[in-house]
Structures are given as structure tokens and as C-alpha cells.
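**Q** no FASTA, just this:
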């Protein structure tokens, strides 16, 4: 029933009834995602993905961003989604517990370009994709991430399928078939965080979404209720979130793109670092702390709050993005935490590597599990002239 | 360490050292898979997949079987693997607990065609793919299927990556990178059994394997030990099988393609039906049972033995392949269980639908879980002139 509800919502909501505020927010999301993708196209993983799209594909006339290349919608969306997530600077969505825009924006632009859709239809498809991503994420709860999967990937493949199907002119029954295929494409392990395969996940979502949509339109059959029930997507991927009936009833009410909305990153690294960065920045400023007087820095997380921060001893720029140890070390070195902070040589500089072992993680005793964007952090800096502490609640 | 061992074995075993018996068995496997694929290319799902490959792809010069079409290796392998599994008549492998050939054969033929490889190299790559599939399946045990995933898909994506990498000239380190990507492509839900999305799974494996191999060769980074450890593939997908150290030590010793070897199907339906078919055929012959005297048929399975038989009230030919109820009903109607048995009209014929409710399943109390090809079945037929029973141990 939930699968059907999602399909009906995604297909039967006219673009004209998507609120103007949601369309405006969608425009901001597209601009932010495009900006991240254009900064990302020169990253090694994005260059590899673009080369793959060129070698593999041919037909379609859909642009590979940052390249004078056109290919099929599926392969272009694949490369573009990898570019969008290559820097881990793209927005996140708290309900999705990950990056929904990085797969949905390239999907709607590719599917929209292939279909010759107008701007409002593309923006509405993106808003609807975020709506689906948010509801999927709320249904999964923390169980998905706790089970070892990257929520960005699991949520994105379903959201991208809905967004692509809408722009490709599918009806609800065809989308329901496509969602059965998409349910068999849910994958992406957290263990690949801090490597190029993390942005590969968003490429997988966009390509799988466009492929599943096309196959659903062409009449493929699949389990019609793939999301719900024993052995369905929520069950197999350890969902422990909100009741599906409530999520279905909420579809298109407050609009996830407005409430809570996309969270735009201030720093190009994993969101799970962000509250601690805010706290640390204030401590550095208020107490004029210098690196050589620091004895230890303790960062306290609620349970699950550091699950995404997979690197405790980072050696590469990508690993540095998923390491509170490196982020704090860089801040102690008065690094502005911009794109050049997260390169291999910067992570490997001796001053940073010397500070990394001084950063400790502590888990705050609490009930439940908290994804990176939800909860609070406490940073405590022990120096030769005293200990300073700060709690931060806002990312 | 297991990931590295798999990569080293797949790359560093020269074709000349693969035993001749394994090469001969590989030849038989290729012929059987090609036969199933050529019978399958006219199935609706295979036609849809071939259309998708044509629409999406362009470059590459790799043949879409049964069509006068060439496309990229990834897209051709996708369509061909779907054709190979479309009829569910292709071979299975007991260690893999599913259909390994249906994804590995199209992968090695596409990657081999793209690379201009010779026959022995293609056959050796297939034998090595089956070796990896077998070891993966033995590592997963029953946990993977019990968790809701289609072993064919999970095992196939890893095996296809190894087979493609070998033919594409990767070194072990590059394959290890590719395996990190492949680990993030493990998916495919049992809930899609009895629909066209089941054969889609083998298409996914072949395409993902060729894609991951290409990306590994191009320098993508990933978790180097993706198969093992907390949050790795075995852990996240609920493996409860043999110890990885032992599996690694066994690589290339007896050769899975020889011991236990591929199981070629006698009937074009799920293997989990096969022992019961054997028992029922003997009962029908020995006791000359007619459909109108049958009061009830009880089929007894060991725990897990009927997990793949997802349809208890089938309405389509594909659902009929995953329904012991329909298979027994068709046998009572003296149906030869050939390809025409498993069409929508045949499943929906009134005589069959009337017999289906007379077939009951019973689970035999036993320790452990048993996939369809492993264990035994008991069929008991209660007729107006007495009850007949038979146990079958061999598929």
C-alpha cells in the first residue's frame, strides 16, 4: 500500500499544485547542487565517471556536465550525480539522513532534458523526489545506517525512480512496477565512506532510477508492494523509523523541501563534523587557542552520531572529510576548512598528522541512535593553561 | 584479507593452469547458458532489456544475443544476462545457492569480445567466476537468502567483477578496488521472485561487474577489504556460512565448476521444486494416479527449502515457476513440465487452478536452513483409494 501511495503521489500531483515556495526552494537546491557538481567535475572520481559515460554510451543528447559531451540520460545522470557528490560539499536532508539532491537533481535534469520538459516540471519533479526521499528516510529511521548502508544511496534510488518516472510520462501503475525494480537496486555500504566509491553511490542511484523508470514504462513486472511487508525494502534494510501509514498521509503536506528543508553545508566535509566545527570555531576565537598549547581535544557524540565519520587515522583528502580527528587538527592549524583543506598533501602534512592523535571521541550515554545532522555535540579542549568546553546544537 | 585473496586468485591464476577438466566443464556451462539465453530472448523481459540496451548504448561492438545489434560491453552483458535467466531454465550452483552462470557467462563473453580474448581465456575466466561464486555462496551460507536477498544476485555481482577484471587485463590491486565498488552493488530482493525483475537481477550483476571492473582499472578507490569485517558485505548481508580463511585456502583446489559442479535443470522452473517433481513423477507412474481421485498432496520441505517458492496462488507463468502448488497441479494433469507449461494461460487454466488448493506445504522439523538444491523432500498423495508417499534426495 505504501509503494502504491508513493507512486500515486509522485505521478498524480500536478506541477501546478506544488506550492510556489517549494518550487523556489527547489530552484535553490538545483543551483547549489549544480555549483557543487561544477566544482566537482575536476575531481578524479568525476573524471573517471565522465570517461565511463562517454565510453559506454552514445544515444540520447543529454549533457555530461563540465564536458562537451552528450550521452544517454542514464549514463549522463550517472556521471553528473558522481560529480555532484564528489566533494561531499552538496546539501543534505535531515529526514533522508543523507544527500538526496546529489542523485535527484542530476536525475531530473537528465530525464527533463531527454523529455524536453519545462523548468517548472523539472523543479516540481525534484521537489517530489525530495518529498519521497524524506519519507523514505523517516521510514528507515536509524536502522538503515546502523545496518551498514549509506542512506543517501538507499533513499536516492527510490527518489530518483519517482522523479524520473514523472518526467518520463509514466502512470502510477508503471511507476509501481519501476519501484519494484528500484527495490532490487538498494545498496551502497558505509564502509566505502572516505573513498571515491561514496560518490559512486549517487551515480548508481541516478542511473538506477532512470533505468528502473524506463523499464517500468516498458512493462517490466515486479513485486507491486516492494517497499512494505516481510522481505520488502524497509524490512530487509532494517527500518526502525516512523509508521508507513503516517508517512503516506503526510506526503505533500508540509513538503520536505521546506520543512525541514535541505541543509546547505558551510564546510566541504561530512555533516557529522559540522556541529563540532561550530563549537570548535567559537572556542578557538573566544580563548585564542594555539595548536602548540593543546594537550587533548575530546569530541562527544550522541550514540550513532559519528557512524559516518569512518576515518580515525586519515591519509587522504577524502578520508579527511570523514574524520573529526583531522577536521579538529586542521582547525587548530587555523585552516579555513575550504576545498583545498581536503587534499591528500594537506591531510598528510606533518603538523596535522601530529595533532590527529590528540583528538578523542566520546559517546554520550543516551537512548536511541542519532544520524549526523540530528542531535548535539560537545567539544572540550584541554590546554596547558586550562580546559575549555562548548556544546553545539545546530549544524 | 579475503577480498585480497579473491583478487589475487582471480588475476594471478594463468589460464594454462586451470585444469583441462574445468575448461571442459566450462564449455558445457557456456553451451547450456547460451541455449537458455537463445530460448529466452523472445521472452518479454529479454525483449525489454534488449530494447533498453539499444536505446541506451552505442559504442563497443559487443553483440546483443538474438538481435542484429551491437552495443557496449556493459549494456550487452546486461541484456544477455537477462535473456539467460528469463526462463529460469539456466543452471544453478549448489555452493552459490543460485544461478551463477546466467550472470558470469554473459559477462565473460561480452568482456572477452570487447578485449578480443581467445576461447580458453574466456572459459578460464568463467571457471574462475564460478569458483568465486561458489566460495562467496559458501561464505554467505543461508543467511543471505534468509535475510531477503537473492543469492544469484549477491554472489553474481562479485563473481562477474572478478571474471570481467581478468579478461580486461586488470592487476590484483585494480580488481581489489573494483571489488569495493561491487560490494556497494550487492542487492536484489527475493520478493521479486516470480516476476520479470528476478531475471533483471542477473542483468544487474553482469552490468555492475563490467562497470566495477572498468572503474577499478581506471583508478577508483574503495574500501580494500569490502567483503570481510564489520559492515562489510558478508556481515551486512547476514552471512552465516563457512570461515573465510578456509574458503580462501580452498580457492582453485577442487574447482567449484567440477565439485559439486553446475546443476543443469531438467525442468524450466525453480530448483526448489525439482526433488518434489522427481518424487511426484515416480508416484504418478507407480500408482497411475489420476487428477480426479486426488484429495490432497502434501509436500514436505526442510526448513528454508521452500523460501524461493514465493507463489502459493500463482496467476502468471513466471509465478508458476516459483510455486510447488502449480507444479504439482500441472503434473496431476499429466503436463510434461516444458517451457509451454509455464505461460500465463496454462497457469490460469481452470483445471490447474482447481487443483492448486489441494497442494499443502509442510516443514520437516530439523536444525539449520536448507536452500532449494540442498536437502530432501517428501511428497504424499492422498487419493480416494489410499495414500502414497515418496522421499527424494537428489535434484
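**A** Ah, there it is. No experiment lies behind these values; they were computed from the predicted model shown.

**Q** Ignoring the adjacent residues along the chain, who's closest to the residue in chain A that chain B sits nearest to?
**A** Going by Cβ to the nearest Cβ, chain B is nearest to residue A:58 of chain A, at 1.8 Å. No exception for glycine: its C-beta is placed from N, CA and C like everyone else's. Leaving out its chain neighbours, the residue that sits closest to residue A:58 by Cβ to Cβ, 6 or more residues apart in numbering or on different chains is residue B:58, at 1.8 Å.

**Q** Next up, the contacts around that neighbour.
**A** Residue B:58 makes contact with A:57, A:58, A:59, B:71, B:72 under the criterion Cβ atoms under 8 Å, 6 or more residues apart in numbering or on different chains.

**Q** same deal with residue A:75?
**A** A:52, A:53, A:56, A:57, A:60, A:207, B:56.

**Q** I'd like to know which helix or strand in chain A has the lowest mean pLDDT.
**A** Of all helical and strand segments in chain A, the minimum by mean pLDDT, DSSP states H and E falls on strand A:69-71, at a mean of 91.

**Q** Paired strands for that strand, with orientation please.
**A** Strand pairing for strand A:69-71, determined by DSSP bridges: strand A:62-64 (antiparallel).

**Q** Quick check: buried residues in the strand it pairs with?
**A** A:62, A:63, A:64 (16 or more other Cβ atoms under 10 Å in any protein chain shown).

**Q** Could you give the bridge partners of the residue of chain A closest to chain B?
**A** According to DSSP bridges, beta-bridge pairing links residue A:58 with residue A:60, residue B:58.

**Q** Against residue B:179, how distant is it?
**A** 28 Å (Cβ to Cβ, to the nearest Å).

**Q** picking up where we left off before, of the contacts of residue A:75, which is the most crowded?
**A** residue A:207 (31 neighbours; other Cβ atoms under 10 Å in any protein chain shown).

**Q** Can you give me the neighbour number for the spatially closest residue to that one that is not a sequence neighbour?
**A** With Cβ to Cβ, 6+ apart as the measure, residue A:78 is the residue that lies nearest to residue A:207, at 3.9 Å, once sequence neighbours are left out. Residue A:78 has 34 neighbouring residues, counting by other Cβ under 10 Å.

**Q** and what of the one 3 residues further on?
**A** The number of residues packed near residue A:81 is 38, by other Cβ under 10 Å.

**Q** show me the residues around it that make contact.
**A** A:102, A:103, A:106, A:107, A:199, A:202, A:203, A:205, A:206, A:207.

**Q** how far away is it from residue A:46?
**A** Counting by Cβ to Cβ, the gap from residue A:81 to residue A:46 is 10 Å.

**Q** Need the residues touching each of the two.
**A** residue A:199.

**Q** where's residue A:125, which helix or strand?
**A** Per DSSP states H and E: residue A:125 is located in helix A:119-140.

**Q** hmm, I was thinking of residue A:307
**A** Using DSSP H and E, residue A:307 falls within no helix or strand.

**Q** Could you show which parts of the stretch 101-250 of chain A are in contact with chain B?
**A** By the rule Cβ under 8 Å from any Cβ of the partner chain, the part of the stretch 101-250 of chain A lying against chain B is A:147-150, A:153, A:180-181, A:183-192, A:195-197, A:200-201, A:204, A:211, A:214-215, A:218-223, A:226, A:229, A:231-233, A:235-236.

**Q** if I pick the residue positioned nearest the centre of chain A, what's in contact with it?
**A** Against the mean C-alpha coordinate of chain A, by Cα atoms, centre = their mean, the closest residue is residue A:99 at 1.4 Å. Counting by Cβ under 8 Å, 6+ apart, residue A:99 touches A:85, A:90, A:91, A:92, A:93, A:152, A:156, A:202.

**Q** Report the inter-axis angle for the helix or strand following the least confident helix or strand of chain A versus helix B:73-85.
**A** The helix or strand immediately downstream of strand A:69-71 is helix A:73-85, counting by DSSP H and E. Relative orientation of helix A:73-85 and helix B:73-85, computed by axes from the mean of the first three to the mean of the last three Cα atoms, to 10 degrees: 120 degrees.

**Q** which sections of the stretch 251-395 of chain A are below the confidence cut-off?
**A** For the stretch 251-395 of chain A, the stretches flagged by pLDDT under 70 are A:372.

**Q** Strands along that one, start to end?
**A** Using DSSP state E, counting those that start in this stretch, the strands of the stretch 251-395 of chain A run over A:294-301, A:359-363, A:377-383, A:386-392.

**Q** For the last one, list every residue counted as buried.
**A** It stands for strand A:386-392. Those would be A:388, A:390, A:392, for strand A:386-392 by 16+ other Cβ under 10 Å.

**Q** Which strand residues bridge the second one?
**A** Following DSSP bridges, residue A:390 is listed with bridge partners residue A:379.

**Q** Correct me if wrong: it contacts residue A:276.
**A** No - using Cβ atoms under 8 Å, residue A:390 is not in contact with residue A:276; the gap is 9.4 Å.

**Q** Quickly list what's touching both of these two.
**A** Joint contacts of residue A:390 and residue A:276 (Cβ under 8 Å, 6+ apart) are residue A:379.

**Q** Against which helices or strands is the helix or strand containing residue A:206 packed?
**A** Under the criterion of DSSP H and E, residue A:206 resides in helix A:197-218. The elements that helix A:197-218 packs onto, with contact taken as 3 or more Cβ pairs under 8 Å, 6 or more residues apart in numbering or on different chains; DSSP states H and E, are helix A:44-56, helix A:73-85, helix A:101-115, helix A:151-167, helix A:172-183, helix B:44-56, helix B:172-183.

**Q** who's in contact with residue A:10?
**A** For residue A:10, the contact set (Cβ under 8 Å, 6+ apart) comprises A:128, A:132, A:162, A:163, A:165, A:166, A:172, A:175.

**Q** can I get those in JSON lines with pLDDT and neighbour count?
**A** Converted to JSON lines, the contacts of residue A:10 look like this (pLDDT from 0 to 100; neighbours: other Cβ atoms under 10 Å in any protein chain shown):
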{"residue": "A:128", "pLDDT": "98", "neighbour count": "32"}
{"residue": "A:132", "pLDDT": "98", "neighbour count": "28"}
{"residue": "A:162", "pLDDT": "98", "neighbour count": "30"}
{"residue": "A:163", "pLDDT": "98", "neighbour count": "34"}
{"residue": "A:165", "pLDDT": "98", "neighbour count": "32"}
{"residue": "A:166", "pLDDT": "98", "neighbour count": "29"}
{"residue": "A:172", "pLDDT": "98", "neighbour count": "17"}
{"residue": "A:175", "pLDDT": "98", "neighbour count": "30"}
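
**Q** what's the domain layout of chain A?
**A** A:2-261, A:271-392 (automatic domain parsing).

**Q** Good, we can wrap up now.
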